[in-house]
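1. Everything below, folded, please.
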Amino acid sequence: QLARAGVARTLQGVGLFPHMSVLENVMSGAQVRADGGFIMSFFALPGGVRAERQLRHDAMTTLERLGIAHYAKLLPSAIPYGIAKMVSVARALMCEPTLLLLDEPASGLDESELGEFATLIVGLRSAMGVLLVEHDMDFVMPLVDRLIVLNFGEVIATGTPAQVRTDEAVIEAYLGVEQ
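-> Numbering: from 1, shown residues only. Predicted coordinates for the structure are as follows:
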């Protein structure tokens, strides 16, 4: 229902199907727009074959857009963690969302991967709404227009990055107090 409403999401972990290739994982994100259904594909009926060919093309285009198409034939176990995170975003993009929810996109990424992910998020924001759930404030601050900061499930601040950065409760809870 969420996907049909234009909402897609990624998981904190990558959540990829381990026995499916990167390309197949990305294709699986398009279930809400897939034509033909299981029966047509199973029996290789013309409509199902055309629909699967189009999904495969769209998935490759999405992988190319994210710069990771050369991983298409590999299984998730054979790709770096940062690439797996990108694959999970590619899978979410396959349902053509108007709102993308990213759960802890920075977790487990090294500095170069953080930069790549930040660039990706900025690019996505021009095409859709992006909502981040993230603990890494240094990662989040330059990427967002507005923040809602929670501490143990309680809202402690809302506002622009500049406003939140100077909020005493946020400084104490997340940014640390300067000595």
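2. Three-state assignment for residue 101, please.
-> strand (DSSP: H, G, I helix; E, B strand; the rest coil).
3. Offset the numbering so it begins at 825, please.
-> Got it, first residue is 825 now, which makes that one residue 925.
4. That one - nearest residue in space that isn't next to it in sequence?
-> Distance criterion Cβ to Cβ, 6 or more residues apart in numbering; nearest residue to residue 925, sequence neighbours excluded, is residue 833 at 3.9 Å. To be clear about C-beta, it is placed using only N, CA and C from the backbone, and glycine gets the same treatment.
5. can you pull the contacts of the one you found?
-> Counting by Cβ atoms under 8 Å, 6 or more residues apart in numbering, residue 833 makes contact with 826, 916, 924-927.
6. tell me the phi and psi of it?
-> For residue 833, the backbone dihedrals are phi -150, psi 160 (criterion: degrees, to the nearest 10).
7. just residue 904 next, same as before
-> phi -60, psi 150.
8. was I right about residue 931 contacting residue 834?
-> No - Residue 931 lies out of contact with residue 834 (Cβ atoms under 8 Å); the separation is 11.0 Å.
9. follow-up on the earlier one: buried ones from the contacts of residue 833, can you make that a ChimeraX selection?
-> If you want just the buried ones from the contacts of residue 833 in ChimeraX, going by 16 or more other Cβ atoms under 10 Å, the selection is:
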select :916,924,925,926,927
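10. Which residue of residue 931 and residue 834 possesses the greater neighbour count?
-> For residue 931 versus residue 834, neighbours defined as other Cβ atoms under 10 Å are more numerous around residue 834 (22 against 14).
11. what's the distance between that one and residue 984?
-> For residue 834, the distance to residue 984 equals 25 Å [Cβ to Cβ, to the nearest Å].
12. same check, this time on residue 899
-> 42 Å.
13. hmm, back to that, let's see the pLDDT reported for the residue nearest to residue 925.
-> Model confidence at residue 833, expressed as pLDDT, equals 92.
14. in the chain, what secondary structure element scores lowest on mean pLDDT?
-> Among the helices and strands of the chain, helix 861-866 carries the lowest confidence by mean pLDDT, DSSP states H and E, at a mean of 51.
15. Which other helices and strands does the top helix by length along the chain contact?
-> For the chain, the helix with the greatest residue count under DSSP state H is helix 870-889. Helices and strands touching helix 870-889, by 3 or more Cβ pairs under 8 Å, 6 or more residues apart in numbering; DSSP states H and E, are helix 846-851, helix 861-866, helix 905-917.
16. Would you reformat these as CSV and include distance to residue 936?
-> Conversion of the helices and strands packed on helix 870-889 to CSV gives the following (distance: least, Cβ to Cβ, whole Å):
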stretch, distance to residue 936
helix 846-851, 20
helix 861-866, 39
helix 905-917, 8
